[in-house]
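*Asks:* Sequence plus predicted model, see below.
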Amino acid sequence: MTRHYYSLLLVFVASTWLLALSDSASPNPDLSAADQLYRSGKFAEAADKYQSVLKADPKLVLAQAGLVRSELRQEKVDDAFASATTYLAAQPNSAPLLAAMGDVQFRLAKMAEAETAYLNALKADPKNVQARLGLARLYRAYALYRQAYNQLQAAHEIAPNDPEVQRRWFGQLPRKERIAALEAYLAGPHPDDAEQTQHWQQVLEFLKATADKPVHACKLVNRVDATETGLESMYRDPRHVIAYGLVVKLNEHHARLELDSGASGIIIGRKAAEKAGLTRISEISYRGIGDKGAQSGYIAVAEHIKIGELEFQDCLVRVADRASITDEDGLIGTDVFSSYLVDADLPDQKLKLSPLPKRPDESAAPGSLTSQGEGQGASDDKDDKDEAAEQESKESNNRAAASSEKPSRRLPQDRYIAPEMANWTKVFRFGHLLLIPTSVDHSPPMLFTIDTGANSTGVSLRAARQLTKTSADSLGRVKGLSGEVNKVYRAENVNLAFSHIAQKNQNLVTLDLSNLAHHVGTEVSGFIGFTTLRLLEMKIDYRDGLVDFVYDVKRFGEGSKF
């Protein structure tokens, strides 16, 4: 039996493909009607209307781009790619079509091709908002945060009233302004489905509940630049270890939490939260692997959290409404320690934390914990740790104003690759998820999650069917945050290669990951799970989107797997 856990926040849904199709009203009433259907979330009807418009005018670029995006929003990814390819063949320099193709290629995880398409769109039209937004999303995944901010800022300057620009700009607003912006957004017509709308309503509820209170910054109480703590074995039965975990002290209650690099923040069951006496703030929904859909829970505050030598205060955690969410008390994502260089030495069952490499122009030390998960209670591009930094920046600016100094805004920075990390592997970061280029049977690289919470390594049904034979596995059991997966398959004799690691002859669990890909916004073709990672020392630099793996040949031998 296998398990697979994801704590995938719906915050990523909010940054997919709600794109305005033009900056001004179209003179074509039928095209305007199609655009309105798209903006109202009626994507199938919009696609029909765009096709009707194209029957009358087959070369109308805005209708072509609208059809591509409507197909994409319906998850008809192959149809969208075919349409974009056909239209671009006839009009290869069209900025709207190039930007639409960039969106399709991004969804297909063809990142280099997407970047080229967006840049070519901007060459044709520097004011193309969709290309700017596409690059902002792409560069954020690259950990090029300053470049992402620059593209988003440019889009905001060009079209501040564009719905997608406004929604992506939420993260740049102070809390009270963000509340007003969200209220206006939810009060009007918008294309979000019921689940996405519920997410934004819950974000609004959280912001209102905390608007007049200090930010829950989860600050480090005791200065610890580096530390090491042991990982405990977690068993399916007395003979089978299926995960490693940590003992975490929440207020005065000790909880056993599974260490899960595919999860975000700390999420615990209701019983553990009640024992710890956590203070409830607002409702949330969360989703993971499984076929039972979104699950209910709430955001709560822990006055103190202690993990090994680290002690933090005033931290947000997420609580599931059900009594427990795993065989243990909950999950702790490795992104909790993203202020540090994370070294999960799984063979020796140790978690080591050390300072991130100092940039040439700074000397900051870690001081907070990302306990609430990436983006929870905030918007697309900003979490409460960012708000804490913003608050500190404002205080600094106030002091500067008092001393007649010119205040300055703290802007994001691009990834920094320290000399000693030159050979580390670049990964794509989508919030807490780290997607690593992975070759399956010598295929072009696909994107797999790095996931210690998955009992075994697996591949998506879409990828497996393209590359190898698959068969139904009636005995396979995969369970995640959204319950059991109804249909499990197996891919035969698959060879994987990621970073500088190659794993041979795997009979991989195979799942339909289309729902995960939809919520993340790009194709997720599989996951590197515990059965693989437990043989590796795994080092993660979340700040810069870098990972490294160490396999001890002397300890484990060449074997048949590596």
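*Replies:* Everything's here; your move. All figures in this text were calculated on a predicted structure; none of them were measured in a lab.
*Asks:* can you give me the strands in the stretch 201-350 of the chain?
*Replies:* Counting by DSSP state E, counting those that start in this stretch, the stretch 201-350 of the chain has strands at residues 219-220, 227-230, 232-237, 240-250, 253-260, 266-268, 279-286, 295-307, 310-320, 330-333, 340-345, 350-355.
*Asks:* could you give the mean pLDDT of the longest one?
*Replies:* I take that to be strand 295-307. Averaging pLDDT along strand 295-307 gives 91.
*Asks:* Tabulate the strands of the stretch 201-350 of the chain (a markdown table), appending mean neighbour count and distance to residue 144.
*Replies:* Placement of C-beta: from N, CA and C, glycine included. Formatted as a markdown table, these follow (neighbours: other Cβ atoms under 10 Å; distance: least, Cβ to Cβ, whole Å):
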| stretch | mean neighbour count | distance to residue 144 |
| --- | --- | --- |
| strand 219-220 | 16 | 27 |
| strand 227-230 | 14 | 30 |
| strand 232-237 | 13 | 37 |
| strand 240-250 | 20 | 32 |
| strand 253-260 | 22 | 27 |
| strand 266-268 | 31 | 28 |
| strand 279-286 | 18 | 28 |
| strand 295-307 | 20 | 30 |
| strand 310-320 | 23 | 27 |
| strand 330-333 | 28 | 23 |
| strand 340-345 | 21 | 20 |
| strand 350-355 | 18 | 22 |
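*Asks:* What are the phi and psi values at residue 104?
*Replies:* Main-chain torsions, residue 104, degrees, to the nearest 10: phi -70, psi -50.
*Asks:* residues in contact with it?
*Replies:* Listed by Cβ atoms under 8 Å, 6 or more residues apart in numbering, the contact set of residue 104 reads 68, 72, 77, 80, 81, 84.
*Asks:* and if we set it to 6 Å?
*Replies:* 80, 81, 84 (Cβ atoms under 6 Å, 6 or more residues apart in numbering).
*Asks:* so of the residues you listed, which ones are in helices?
*Replies:* By the criterion of DSSP state H, membership of the contacts of residue 104 in helices covers 80, 81, 84.
*Asks:* measure the first one to residue 459 for me?
*Replies:* Look at residue 80 and residue 459: by Cβ to Cβ, to the nearest Å, they are 23 Å apart.
*Asks:* who has more neighbours, these two?
*Replies:* Using other Cβ atoms under 10 Å, the more surrounded residue of residue 80 and residue 459 is residue 459, with 29 against 26.
*Asks:* contacts for the helix or strand hosting that one?
*Replies:* Using DSSP states H and E, residue 459 falls within strand 458-460. Outside strand 458-460, the residues that touch it by Cβ under 6 Å, 6+ apart are 491, 508, 509, 510, 513, 525, 526, 527.
*Asks:* are any of those buried, and which?
*Replies:* Neighbour counting with 16 or more other Cβ atoms under 10 Å marks 491, 508, 509, 510, 513, 525, 526, 527 as buried within those.
*Asks:* Can you add secondary structure and give the residues you listed back as TSV?
*Replies:* What follows is the buried ones among the contacts of strand 458-460, written out as TSV (DSSP: H, G, I helix; E, B strand; the rest coil):
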residue	secondary structure
491	strand
508	strand
509	strand
510	strand
513	coil
525	coil
526	strand
527	strand
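*Asks:* which one of those is nearest residue 196?
*Replies:* Ranked by distance to residue 196 (Cβ to Cβ), the buried ones among the contacts of strand 458-460 are led by residue 513 at 19.3 Å.
*Asks:* contacting residues for that closest one?
*Replies:* By Cβ under 6 Å, 6+ apart, the contact set of residue 513 is 460, 524.
*Asks:* what do you get for residue 33?
*Replies:* Contact partners of residue 33, counting by Cβ under 6 Å, 6+ apart, are residue 49.
*Asks:* Now name the helix or strand holding it.
*Replies:* Assigned by DSSP H and E, residue 33 falls in helix 29-39.
*Asks:* in that helix, what's buried?
*Replies:* For helix 29-39, burial by neighbour count (16+ other Cβ under 10 Å) applies to 30, 31, 32, 33, 34, 35, 36, 37, 38, 39.
*Asks:* Which positions within stretch 139-158 qualify as buried?
*Replies:* Buried residues in stretch 139-158 (16+ other Cβ under 10 Å): 139-145, 147-152, 154-156.
*Asks:* so what's residue 532 closest to, chain neighbours aside?
*Replies:* residue 457 (4.6 Å; Cβ to Cβ, 6 or more residues apart in numbering).
*Asks:* For that neighbour, give me its contacts.
*Replies:* Per Cβ under 6 Å, 6+ apart, neighbours of residue 457: 528, 529, 531, 532.
*Asks:* how near is it to residue 528?
*Replies:* Counting by Cβ to Cβ, the gap from residue 457 to residue 528 is 6 Å.
*Asks:* swap in residue 164?
*Replies:* The value you get for residue 164 to residue 528, if Cβ to Cβ is used, is 33 Å.
*Asks:* again, but for residue 295
*Replies:* Counting by Cβ to Cβ, the gap from residue 295 to residue 528 is 25 Å.
*Asks:* With residue 499 instead?
*Replies:* For residue 499 relative to residue 528 (Cβ to Cβ), the value is 10 Å.
*Asks:* who's more crowded, the two?
*Replies:* When residue 499 and residue 528 are compared on other Cβ under 10 Å, the one with more neighbours turns out to be residue 528, at 29 against 21.
*Asks:* If I look at that one, what pLDDT would I see?
*Replies:* Looking at residue 528, the pLDDT reads 95.
*Asks:* Please apply the same query to residue 263.
*Replies:* For residue 263, pLDDT reads 89.
*Asks:* Count the neighbours of it for me.
*Replies:* With neighbours defined by other Cβ under 10 Å, the count for residue 263 comes to 33.
*Asks:* before we move on, what about residue 448?
*Replies:* 27.
*Asks:* In three-state terms, label it for me.
*Replies:* The three-state label given to residue 448 by three-state DSSP is strand.
*Asks:* now it: how far from residue 440?
*Replies:* In terms of Cβ to Cβ, residue 448 sits 9 Å off from residue 440.
*Asks:* again with residue 209
*Replies:* If you go by Cβ to Cβ, the gap between residue 209 and residue 440 works out to 45 Å.
*Asks:* which one of the two has more residues nearby?
*Replies:* residue 440 (26 against 14).
*Asks:* Residue 113 is in contact with residue 105, isn't it?
*Replies:* Yes - Residue 113 is within contact range of residue 105, at 4.5 Å (criterion: Cβ atoms under 6 Å).
*Asks:* What segments of the stretch 401-550 of the chain are strands?
*Replies:* Using DSSP E, counting those that start in this stretch, strands in the stretch 401-550 of the chain cover 425-426, 428-430, 433-440, 446-450, 458-460, 470-472, 479-480, 483-484, 489-498, 501-511, 526-528, 536-541, 546-551.
*Asks:* These: which one's closest to residue 301?
*Replies:* strand 433-440 (25.2 Å).
*Asks:* who's in contact with the closest one?
*Replies:* Counting by Cβ under 6 Å, 6+ apart, 427, 428, 445, 446, 447, 448, 449, 450, 467, 497, 498 sit against strand 433-440.
*Asks:* partners of it in the sheet?
*Replies:* strand 428-430 (antiparallel), strand 446-450 (antiparallel), strand 489-498 (antiparallel) (DSSP bridges).
*Asks:* could I get these as TSV with distance to residue 224 and mean pLDDT?
*Replies:* Output for the strands paired with strand 433-440, formatted as TSV (distance: least, Cβ to Cβ, whole Å; pLDDT from 0 to 100):
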stretch	distance to residue 224	mean pLDDT
strand 428-430	25	96
strand 446-450	25	97
strand 489-498	32	87
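*Asks:* These: which one's closest to residue 89?
*Replies:* Among the strands paired with strand 433-440, strand 446-450 sits nearest to residue 89 (Cβ to Cβ), with 26.2 Å.
*Asks:* Give the buried residues for that closest one.
*Replies:* 446, 447, 448, 449, 450.
*Asks:* so can I have CSV of those showing distance to residue 300?
*Replies:* Formatted as CSV, the buried residues of strand 446-450 follow (distance: Cβ to Cβ, whole Å):
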residue, distance to residue 300
446, 37
447, 33
448, 32
449, 27
450, 28
